[in-house]
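Peer 1: quick one: sequence plus predicted model below, questions after.
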Amino acid sequence: MSYLRNHGRSARLVLLLATLITIAAIGAEALRWTRMAGPTAAPTLGDAAGATAALTLTQVSRSLIPMPPDTPSAHASALATLPGERMIAFWWAGSRESGPNVKVYAARWSGSQWSSPWEVASRESLARALGFGVRRIGNPVAWTDRRGVVHLYVVATGLGGWAASRIAHLSSSDEGATFSVRRMLPLSPLFNTSALVRTSPVGLTDGGWWLPAYFEMGIKYPMMVSFDAEGEPKWFARIGARTSTLQPTIASVSASEVRAWMRDASDEKRVQQALSRDGGQSWQDLPALDMANDNTSLAAVRLDSGKFIMLYNHVAPSGSSRSTLRLSMSSDARSWEHVVDIANGQAGDEFSYPTLQQVGDELHVAYTWQRKAIAHHRFRIQHDGKP
Amino acid sequence: MTLPELALQVGYGRIGWAIVASATLLHLWPAARTLTRQHMALVLALALIAAMLPGQASYAFWLGLACQYPSGLLVGCCAATIWARMAGERARYQLPLSLVIALPPLGALLYLDALGLLTHGYFFWGFSEVAAPALALLGTVACLGSIATRGARPATLALFISLGLFTLLRLPSGNLWDALLDPLLWGWSCVALVSLVRRKLAQRSAAVPALAPAAT
C-alpha cells in the first residue's frame, strides 16, 4: 500500500474504479452461472421403425422459382418450413457470384405456387446493422424455430475472397418479410474469418438446432454450431480431422449417433463421411462412400418416416462434375440405393447445390439451375405403396 | 456460451479502434513527443469522433471490414500507452515483457488449431460457461491486487481492461481468446519478441572481451 501513499489521489481513484469493476464482474458472472443451461439436447428423430418400410417418391411438379428482375446469376438456395405446411426459399442473385450487387432473396411456397421474390439482405443492409463493412455476400441457410421465427444465416465476407467469410445471423418474426441482424457468429480467432454455411440445419428435441458450417482458407474442415430454442449459440465442434472436406450435411441416426456427409476437395473425389456417437460433440472420420463427389455440395435429410435421402452430383461417363443430380435413399445411413436422377444434362451443364425439405407428406427439392435460376421439384412421399 | 449484444459490439468496435488509432498515431507522429496532456486528449477525442462517423465515413467501418474488432488486450495495451504518456512518463509504443514472452507461443497454438493444422478445439474452449469465465475472474482479481500493491503498471492495466470487458460485458465476442488476443496483437508481440532476442544476442556479443593478439 506504500504505492498509494506515494502516488496519492489519482492512484486511489484508479484503485477505487478497479475495485468497483471487479465487484461488478463477480456479480455478473454469478448471475450468469445461476442461469446456466441444462444438458445438451438430442436431435429429433424420425420413426425408427419406418426406416425399413418401403417408400416411394412420386414427382408432383417441377418449376423454376421466380427470379428478381435484372439478376442473370442465381445460386445456393435454402429451404425452411413455415406454419401451415408452407415453405420459404432463400438464395442469392445478382450480376455474378461475388458481384457487388449480389443480394439474398426469398420467396414463399403456398402449397401450390411460389410468390414473387423479395430482397432480404444486401451488403449495404448488413453493413448498416453491423457497423462495419461487408465486401460480398453469398450462401444463405435458414431454419424456422418452434415459435415460427425464421433464422437466416448469410455468408458475408471481410477483406478478401471467400476465405475472409463470416456468418451473419438474422431473424424474422413475420415469416421472412423483414429481417433484423442479430450478430456475426464468432467462429474463428483469425479476425473471425473463414467460416461459411451451406447446408440445412437439423432440429433438436428441446427446440434448438444444429447448424452445419465449415472453415475454408486453403485448408478446409467441416464443423457444426449448436443453437438453443431462442437461437442463441451454445457450443460448436469440428467434424473429424480431415483438411480437405467442407459443406457438411448432417442427419441423426439415433439419440447419440449422428452422421455427416461432406463435399470432397481432395483427389479422392468421393462423398466423405464422419460419425459421432455422442450427439455431435466429437467426431471420427469414416472411409469415403462409394459415391462420386467432384468438389460439389450435397444434401441429406432424414424423413419423418425414418428413411434417409441424399441428393448429390453423380459423375456420369458423358457428363461433368455437376451435370447430374442423383437422389439416393437409405434405411440405415450406411448403404445407399439409387432412386432417381433429378436432373441429367450434358457435360458443362450445372445442376448443383441441392437442398431438401420435407413439408407434410411432400419432399421438396431445390437446386441451382445453370447458375441462372433455382429449380424446384415436389415429390409425394408414399409408404408401403399407400397414397 | 454467452454472447454480447450487437449494439454493444458496435460501440466497442468504434471506441476500441479509436484507442488503437490514437496510440498508433502518437507513436508514429514525431511531434507527439512534445505534446501536452491536453493535446493528447484532443488527439484521442478527434480519433473517437472520426470513428463515430456514420457508415463508410468512419475509418472504424473499414478496420471492421478487415479485422472486425480489436481484442480487449490490444485496446488495453494501447490505452495503457496513452495513459502513461499523459502521466508524463516516457512511454514507448512497447508491449510489456510478460506479454512479449507469452503471446507468441499462445497465439501460434491457437491459430494453428483454427487453421485446421491441429484438432484440439482451443478456440471453442474460450466459450466455456464455467472454466473460461472463472479464469478471467481470477485474472481480474489478481490484477486488482497488483494495482493495490504496486500501482497501475501498463501490463496490469492492459490485462485488467481486457478481462474487465470480458467478464462484465463479454466483449468483444463472448470468447476469452478474442478478449486476450487478435492477429494484430499477436503480430506485434512476435516482432517485439524477435527484437528482444536480437537485443539480447547483441548484448551478449558486446560483452565478450576481444581476444588479445598472439605474441610473435
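Peer 2: Okay, I see it.

Peer 1: find the nearest non-adjacent residue to the residue of chain A at minimum distance from chain B, please.
Peer 2: Closest contact between chain A and chain B, by C-beta to the nearest C-beta, is at A:Phe132 (2.4 Å). (C-beta placed from N, C-alpha, C; glycine too.) Spatial nearest neighbour of A:Phe132, chain neighbours left out: B:Gly64 (2.4 Å); criterion: C-beta to C-beta, 6 or more residues apart in numbering or on different chains.

Peer 1: host element of that neighbour?
Peer 2: helix B:59-67 (DSSP states H and E).

Peer 1: could you report the pLDDT at the spatially closest residue to A:Thr56 that is not a sequence neighbour?
Peer 2: Counting by C-beta to C-beta, 6+ apart, A:Thr56 lies nearest to A:Gln382, which is 4.4 Å off, once chain neighbours are set aside. pLDDT for A:Gln382: 90.

Peer 1: mind listing what's buried in stretch A:214-225?
Peer 2: Neighbour-count burial for stretch A:214-225, with 16 or more other C-beta atoms under 10 Å in any protein chain shown as criterion, is recorded at A:Tyr214, A:Phe215, A:Glu216, A:Met217, A:Ile219, A:Lys220, A:Tyr221, A:Pro222, A:Met223, A:Met224, A:Val225.

Peer 1: out of these, which sit inside strands?
Peer 2: The members of the buried residues of stretch A:214-225 that map onto strands under DSSP state E are A:Tyr214, A:Phe215, A:Glu216, A:Met217, A:Ile219, A:Lys220, A:Tyr221, A:Pro222, A:Met223, A:Met224, A:Val225.

Peer 1: chain A: helices as residue ranges?
Peer 2: In chain A, helices defined by DSSP state H lie at A:2-34, A:123-130, listed in chain order.

Peer 1: hey, which of the ones you listed is tucked in deepest?
Peer 2: Ranked by average neighbour count under the criterion mean count of other C-beta atoms under 10 Å in any protein chain shown, the helices of chain A are headed by helix A:123-130 at a mean of 19.

Peer 1: how far off centre is it?
Peer 2: For helix A:123-130, the distance from its own C-alpha centre to the chain's C-alpha centre is 21 Å (C-alpha atoms, centre = their mean, to the nearest Å).

Peer 1: residues making contact with it?
Peer 2: For helix A:123-130, the external contacting residues (C-beta atoms under 8 Å, 6 or more residues apart in numbering or on different chains) are A:100, A:102-103, A:133-137, A:154, A:156, A:168, A:180-181, A:184, B:6, B:10, B:55, B:61, B:64.

Peer 1: could you rerun that using 10 Å?
Peer 2: Where contact means C-beta atoms under 10 Å, 6 or more residues apart in numbering or on different chains, the residues beyond helix A:123-130 that reach it are A:100-104, A:119, A:121-122, A:132-137, A:154, A:156-157, A:166, A:168, A:170, A:179-184, B:6-7, B:9-10, B:13, B:54-56, B:61, B:64-65, B:68.

Peer 1: hmm, A:Gln59 and the residue nearest to A:Thr56 touching each other?
Peer 2: No. The pair formed by A:Gln382 and A:Gln59 falls short of the contact definition of C-beta atoms under 10 Å, at 11.9 Å.

Peer 1: could you measure from B:Trp186 over to chain A?
Peer 2: In this structure, B:Trp186 lies at 9 Å from chain A, with C-beta to the nearest C-beta, to the nearest Å as the measure.

Peer 1: is it true that that residue lies in a helix?
Peer 2: Yes. With the criterion set as DSSP: H, G, I helix; E, B strand; the rest coil, the secondary structure at B:Trp186 is a helix.

Peer 1: that one reaches B:Pro70, doesn't it?
Peer 2: No. Here B:Trp186 lies out of contact with B:Pro70, judged by C-beta under 10 Å, at a distance of 11.9 Å.

Peer 1: point to the residue nearest the middle of chain B.
Peer 2: With the centre of chain B defined as its mean C-alpha position, the nearest residue by C-alpha atoms, centre = their mean is B:Leu74, 2.2 Å away.

Peer 1: tell me the confidence at that one?
Peer 2: At B:Leu74, the model reports a pLDDT of 95.

Peer 1: and it, what helix or strand is that in?
Peer 2: Of the helices and strands defined by DSSP H and E, B:Leu74 is found in helix B:72-86.

Peer 1: what helices and strands are in contact with that helix?
Peer 2: Packing partners of helix B:72-86 (3 or more C-beta pairs under 10 Å, 6 or more residues apart in numbering or on different chains; DSSP states H and E): helix B:6-28, helix B:37-51, helix B:97-114, helix B:154-169, helix B:176-180, helix B:183-207.

Peer 1: what pairs with A:Ser172 across the strands?
Peer 2: With beta bridges defined as DSSP bridges, A:Ser172 has these partners: A:Val150.

Peer 1: that one: how many residues sit nearby?
Peer 2: 20 (other C-beta atoms under 10 Å in any protein chain shown).

Peer 1: likewise A:Glu230?
Peer 2: Applying other C-beta under 10 Å, we find 11 other residues in the vicinity of A:Glu230.

Peer 1: one more: B:Leu48?
Peer 2: The burial count assigned to B:Leu48 is 17, neighbours taken as other C-beta under 10 Å.

Peer 1: show me the contacts for the closest residue to it other than its chain neighbours.
Peer 2: With sequence-adjacent residues excluded and distances taken as C-beta to C-beta, 6+ apart, B:Leu48 is closest to B:Ala18, at 4.3 Å. In this structure, B:Ala18 makes contact with B:44-52, B:58-60, B:63, B:75, B:78, judged by C-beta under 10 Å, 6+ apart.

Peer 1: could you do B:Leu180 as well?
Peer 2: Counting by C-beta under 10 Å, 6+ apart, B:Leu180 touches A:189, B:71-74, B:76, B:99, B:102-103, B:106-107, B:110, B:126, B:136, B:139, B:159, B:162-163, B:166.
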